[in-house]
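In: Here is a sequence with its predicted model. Questions after.
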Amino acid sequence: MTGHGRPTTLPTVEWYDFFIYATMAGLVFSQLFFEPAGESVGLLLAFASVGISFLFRPLGAFLAGHYGDKVGRRAILVVTLVLMGGATTLIGLLPTYQSAGVIAPVLLILLRVLQGVSAGGEWGGAALMAVEHAPADRRGLAGSMPQLGVPLGLLLATAVTALMTGVISPGDQFLAWGWRVPFIASVVLIAVGYFVRIAVDESPVFQEIAAKKEQASVPIVELFRKYWHLVAIAALIFVGNNAVGYMSTGGFIPAYATSDAVGLSRTDVLVAMTFAATVWLVSTLAAGILSDRIGRKLTYQIGYVWLILTIWPLFLLIDSGSLVNLYVGLGLICIGTGLTYGPQASLYSELFPASIRFSGVSISYAIGAILGGAFAPMIAQALLDATGGTPAIAGYLIGMCVVALIAVSLVRDRSRIDLSINNQAEQEIGSTVFDKRPVPAPLREMSSSVR
């Protein structure tokens with residue numbers, strides 16, 4: 001289906017906000033907000049605060065899915081932008097434990113919860129605004145656009161942090177005040193993002209739904225009554241990518257690479273993470289284009305096999321203590337994360353029927369994020385503390401990717417299916433390999449006419 005409005009904006013602002021927190025959690029939050037717990041436990045608590053926000057993503061997904069399927073995609077995008085940016089700016093203004101005591105980490109976690117609610121609602125709206133505007137043969141490319149917001153957000157977050165640690169506020173100045181600047185700067189990004197986002201036209205699919213007055217009365221109930229198994233499979237498809245991605249973006253690899261065990265400098269590692277984000281960005285875009293040629297499912301399968309083969313070498317390269325090897329390891333792993341992230345918006349959108357699509361893609365994404373990346377950095381740190389090395393971490397991540405590879409092999413590729421509300425009947429059948437119901441002849445003819 002094609003749309004006539006301008007394409008949606010990339011959710012870079014929201015992911016910049018999200019990754020700034022994750023980056024600072026690995027670098028300074030154990031000292032600023034969890035100092036009484038000691039270095040080791042404080043780092044675990046800092047990583048746990050990263051994961052806590054994931055627990056509230058389903059709440060954001062439920063709310064955004066409900067209202068996104070009832071009142072539209074665009075309004076939800078504006079709300080999530082303001083909520084995420086406001087919480088991020090306030091984090092930059094928080095007192096530390098040293099000046100305010102226990103209230104400081106409490107306020108930090110409350111604002112992180114708001115970030116989680118916002119992130120849970122953001123992705124589904126951005127994905128559908130991109131995919132539902134696109135022609136059938138370019139949905140993979142269009143769907144990769146909101147996916148680019150994640151590596152772009154990481155790129156911006158790590159670049160700004162590297163600038164602060166290496167140039168503007170090096171050494172003790174970064175701990176004293178420099179860490180606040182990237183958070184407070186979010187207010188500028190909010191203003192720009194708001195004016196761009198309100199100029200975007202509503203999704204043409206939702207315009208049809210509204211015109212026909214076919215909004216589901218309670219989309220969440222219908223989703224779980226009819227499609228709970230599809231939500232479960234879609235969530236598991238995401239767990240491998242999310243677990244691997246948040247090992248770096250969630251702060252574990254920057255923290256580990258700058259620890260005494262490896263010994264690299266903070267700024268050098270942050271610059272390497274900026275390189276990694278660039279590779280992730282390029283591979284994500286390439287994966288979206290590739291999925292239009294060979295299908296979403298096969299692109300995913302190639303990506304997960306790549307990750308399974310490169311996770312173990314990644315940690316061997318990091319453990320070598322060589323900065324060059326860190327670049328090589330991150331570059332290899334980010335090719336795989338791109339291949340398993342670029343097709344996600346189009347794959348998810350094509351799995352769910354139009355009337356409950358926002359709810360379906362948002363909740364699947366949120367659950368997958370909890371199961372995959374929520375506590376991956378904390379689990380990794382706990383495994384490191386328990387075993388004294390990284391092989392157990394590599395095994396854990398490989399296991400997550402195997403689960404995701406199996407899950408994506410259970411869905412059918414529906415790359416060219418008509419996404420409009422007029423084709424709801426066909427959209428309701430055949431999403432998984434277990435669904436053997438035949439597509440009625442009239443629907444087959446209608447579907448083939450739009451391919």
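Out: Noted; the coordinates are in hand. Numbers count the residues shown, from 1 in each chain.

In: Which residues are in contact with Met400?
Out: Val239, Gly240, Ala243, Val244, Gly372 (C-beta atoms under 8 Å, 6 or more residues apart in numbering). Placement of C-beta: from N, CA and C, glycine included.

In: let's see 10 Å
Out: Going by C-beta atoms under 10 Å, 6 or more residues apart in numbering, Met400 touches 236, 239-244, 304, 307-308, 311, 371-373, 376.

In: Looking at the residues you listed, state which has the most neighbours.
Out: Within those, most neighbours by other C-beta atoms under 10 Å means Gly240, with 33 neighbours.

In: wait, doesn't Ala162 sit right on Gly178?
Out: No. Judged on C-beta atoms under 10 Å, Ala162 makes no contact with Gly178 at a distance of 11.4 Å.

In: shaky segments in the stretch 151-300 of the chain?
Out: The stretch 151-300 of the chain contains residues with pLDDT under 70 at 196-218, 248-251.

In: Tell me the pLDDT of Pro11.
Out: According to the prediction, Pro11 has pLDDT 67.

In: Likewise for Ala441?
Out: Reading off the model, Ala441 has pLDDT 50.

In: And for the one 4 residues further on?
Out: Listed pLDDT for Glu445 reads 43.

In: what do you get for Gly399?
Out: At Gly399, the model reports a pLDDT of 97.

In: does it count as helix, strand or coil?
Out: Secondary structure, DSSP: H, G, I helix; E, B strand; the rest coil: Gly399 is helix.

In: Which single one of the contacts of Met400 is nearest to Ser40?
Out: Ala376 (18.0 Å; C-beta to C-beta).

In: what residues are up against Val160?
Out: Val160 neighbours (C-beta under 10 Å, 6+ apart): Tyr16, Ile20, Thr23, Ile168, Val181, Pro182, Phe183, Ala185, Leu270, Thr274.

In: In this structure, where's the longest helix?
Out: helix 219-249 (DSSP state H).

In: Buried ones in the next helix or strand after that one, by neighbour count?
Out: As assigned by DSSP states H and E, the chain's next helix or strand after helix 219-249 is helix 252-257. Under the neighbour-count criterion of 16 or more other C-beta atoms under 10 Å, helix 252-257 has Phe252, Ile253, Pro254, Ala255, Tyr256, Ala257 buried.

In: Repeat that for stretch 296-311.
Out: 296-297, 299-304, 306-308, 310-311.

In: Let's have those in TSV, adding distance to His66.
Out: What follows is the buried residues of stretch 296-311, written out as TSV (distance: C-beta to C-beta, whole Å):
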residue	distance to His66
Arg296	26
Lys297	29
Thr299	31
Tyr300	28
Gln301	33
Ile302	35
Gly303	32
Tyr304	32
Trp306	37
Leu307	34
Ile308	37
Thr310	39
Ile311	37
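
In: which one of those residues is nearest Gly388?
Out: The closest of these, once distances to Gly388 are taken by C-beta to C-beta, is Ile311, at 19.0 Å.

In: Need the pLDDT of the closest residue to Ile417 other than its chain neighbours.
Out: On the basis of C-beta to C-beta, 6 or more residues apart in numbering, the spatially nearest residue to Ile417 that is not a chain neighbour turns out to be Glu350, at 5.5 Å. pLDDT recorded at Glu350 is 95.

In: ok, so what distance separates Glu350 from Ala159?
Out: Taking C-beta to C-beta, to the nearest Å as the measure, Glu350 falls 34 Å from Ala159.

In: and those two? which has more neighbours close in?
Out: Set Glu350 next to Ala159 and count neighbours by other C-beta under 10 Å: Glu350 wins out with 27 against 17.

In: Just give me the residue closest to the centre of this structure.
Out: Val150 (6.2 Å; C-alpha atoms, centre = their mean).

In: Within the helices and strands, which one has that residue?
Out: According to DSSP H and E, Val150 maps onto helix 139-163.
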